[in-house]
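Student: Prediction below, plus the sequence it came from.
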Amino acid sequence: MKIGYPCINWSIDCSSGRTFRLKSYSEERLIKTVENNLECLLSILKFNKENNILFFRITSELIPFASHPVCTFNWQEYFNPRFKEIGNFIKLNNIRISIHPDQFILINSKDYKVFENSVKELEYHAEVLTLMKLDTTAKIQLHVGGVYGDKKKSIERFVNRYKKLGEKIKRRLVIENDERSYNLFDCLSINKETGVPILFDVYHHYINNSGETLQDAFEIFSNTWKKETDGLPMVDYSKENEKKGKPRHADRIDIGHFKRFLKDTKPFDFDIMLEIKDKEKSALKAVKIASSDSRFKRVI
DNA sequence: TCACGTCAAGCAGAT
DNA sequence: ATCTGCTTGACGTGA
């Protein structure tokens, strides 16, 4: 069991997701920005390692416009030594990595052009992990996509499109249950057809489920991960924001809730991504809580 | 130096 | 029709 947080560290005075406007694109600007982003990424990983935070989601913004036609620069070759260096640090310290393409990436879109653009973006994500020479336990997590008024057809479309993807994407791709369209069982039906592992989002499951218990859910998604090639299952953890109004992620970790969560999931081992607004602050607290858990002790 | 309009990309649900 | 959340602010023009 490793514990981590996504993309941003507020304690360190840098961002690994600096970007710029498309209008101001230039090769020079791209190089400068990516240099900054990679350097900051390594700083964050070092901070994490020192604090026993061994799971991290790399931002999709690492290489701005990587999949956009405007970018003809061979960033893969230019930054190859830097990627290798970061990859070495990750492997040396046994850090788990995930990456989450954003909401525009839709495999099952009705618009074929959107699918094609999504493939380009997925190739970029896969390349980042491959340039770091990470094995296939480093995952790209994606939602199933839109429903377009017909869930059955949209799931079929996902399955057919998935089969067209290259091996470099497929060996890293995992799907995540979401809070309104595709719940765990919907994901499971896609897993049956494709073998794609299911990344379980605890908070989304709380909002959108089919009545199954948390233990049943853990049994189901855990079995979709192959231990040797996929590694331990990944779990996104969050909880309802206390502030009334629309459902959203919590601002900070709820210690009691997290303790109960660890207890309730006792028979299962997995890596936890804390989707909580205050990022590394909550991760530090979670590490402290988990430090007496035998699953956590195994990795540090 | 600061305010604030806008930023590559899509969908769904609420207003 | 328009706004908001999603993993979430931050870029950059104009004053």
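Tutor: Now that the structure is in, tell me what you want to look at. Numbering: from 1, shown residues only, chains lettered A, B, ... in the order given.

Student: nearest spatial neighbour of A:Ala290, skipping sequence neighbours?
Tutor: Setting aside the residues directly before and after it, A:Ala290 is nearest to A:Phe296 in space (C-beta to C-beta, 6 or more residues apart in numbering), at 4.0 Å. Placement of C-beta: from N, CA and C, glycine included.

Student: Please save the CA atoms from the strand or helix carrying the one you found in CSV.
Tutor: Under the criterion of DSSP states H and E, A:Phe296 resides in helix A:294-297. The C-alpha coordinates for helix A:294-297 follow below in CSV (Å, rounded to 0.1, in the frame of the first residue of the first chain):
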residue,chain,number,x,y,z
SER,A,294,1.0,-3.7,7.9
ARG,A,295,0.1,-3.1,4.3
PHE,A,296,1.9,0.3,4.4
LYS,A,297,4.8,-0.9,6.4
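
Student: how distant is it from the center of its chain?
Tutor: Offset of helix A:294-297 from its chain centre (C-alpha atoms, centre = their mean, to the nearest Å): 22 Å.

Student: mind listing the strands for chain A?
Tutor: Per DSSP state E, chain A has strands spanning A:3-6, A:55-58, A:96-99, A:139-143, A:173-176, A:198-201, A:234-237, A:271-274. These are given in chain order.

Student: Quick check: which of those strands is nearest to A:Asn191?
Tutor: strand A:198-201 (5.7 Å; C-beta to C-beta).

Student: Provide the contact partners of stretch A:227-239 at residue level.
Tutor: Residues from elsewhere that reach stretch A:227-239 (C-beta atoms under 8 Å, 6 or more residues apart in numbering): A:1-2, A:96, A:98, A:136-137, A:139, A:141, A:171, A:174, A:176, A:197, A:199-204, A:206, A:221-222, A:224-225, A:249-250, A:254, A:257-258, A:261, A:268-276.

Student: Does the least confident helix or strand in chain A by mean pLDDT reach DNA strand B?
Tutor: Each helix and strand of chain A was given a mean pLDDT (mean pLDDT, DSSP states H and E); the minimum falls on helix A:202-207 at a mean of 91. No - judged by C-beta under 7 Å from any atom of the strand, helix A:202-207 stays clear of DNA strand B, getting no closer than 10.6 Å.

Student: Could you do stretch A:84-101 as well?
Tutor: No - counting by C-beta under 7 Å from any atom of the strand, no contacts exist between stretch A:84-101 and DNA strand B, the nearest distance being 7.7 Å.

Student: Just the C-alpha atoms of that stretch, please, in CSV.
Tutor: Written as CSV, here are the backbone C-alpha positions of stretch A:84-101 (Å, rounded to 0.1, in the frame of the first residue of the first chain):
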residue,chain,number,x,y,z
LYS,A,84,15.7,9.0,-18.0
GLU,A,85,17.0,10.8,-14.9
ILE,A,86,13.6,11.2,-13.4
GLY,A,87,12.7,7.7,-14.4
ASN,A,88,15.8,6.4,-12.6
PHE,A,89,14.8,8.3,-9.4
ILE,A,90,11.3,6.8,-9.6
LYS,A,91,12.6,3.3,-10.0
LEU,A,92,15.4,3.6,-7.5
ASN,A,93,12.9,4.7,-4.9
ASN,A,94,10.1,2.3,-5.8
ILE,A,95,7.6,5.1,-6.6
ARG,A,96,4.3,4.3,-8.2
ILE,A,97,3.1,6.6,-11.0
SER,A,98,-0.2,7.3,-12.6
ILE,A,99,-1.3,9.9,-15.1
HIS,A,100,-4.8,11.1,-15.9
PRO,A,101,-5.6,12.7,-19.3
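
Student: ok, and for it, which residues are buried?
Tutor: Of all the residues in stretch A:84-101, those buried under the rule 16 or more other C-beta atoms under 10 Å are A:Ile86, A:Gly87, A:Phe89, A:Ile90, A:Ile95, A:Arg96, A:Ile97, A:Ser98, A:Ile99, A:His100, A:Pro101.

Student: Include pLDDT and distance to DNA strand C when you put those into a markdown table, please.
Tutor: As requested, the buried residues of stretch A:84-101 are arranged in a markdown table below (pLDDT from 0 to 100; distance: C-beta to the nearest atom of the strand, whole Å):
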| residue | pLDDT | distance to DNA strand C |
| --- | --- | --- |
| A:Ile86 | 97 | 19 |
| A:Gly87 | 97 | 22 |
| A:Phe89 | 97 | 22 |
| A:Ile90 | 97 | 20 |
| A:Ile95 | 97 | 19 |
| A:Arg96 | 97 | 16 |
| A:Ile97 | 97 | 15 |
| A:Ser98 | 96 | 11 |
| A:Ile99 | 95 | 9 |
| A:His100 | 93 | 4 |
| A:Pro101 | 93 | 6 |
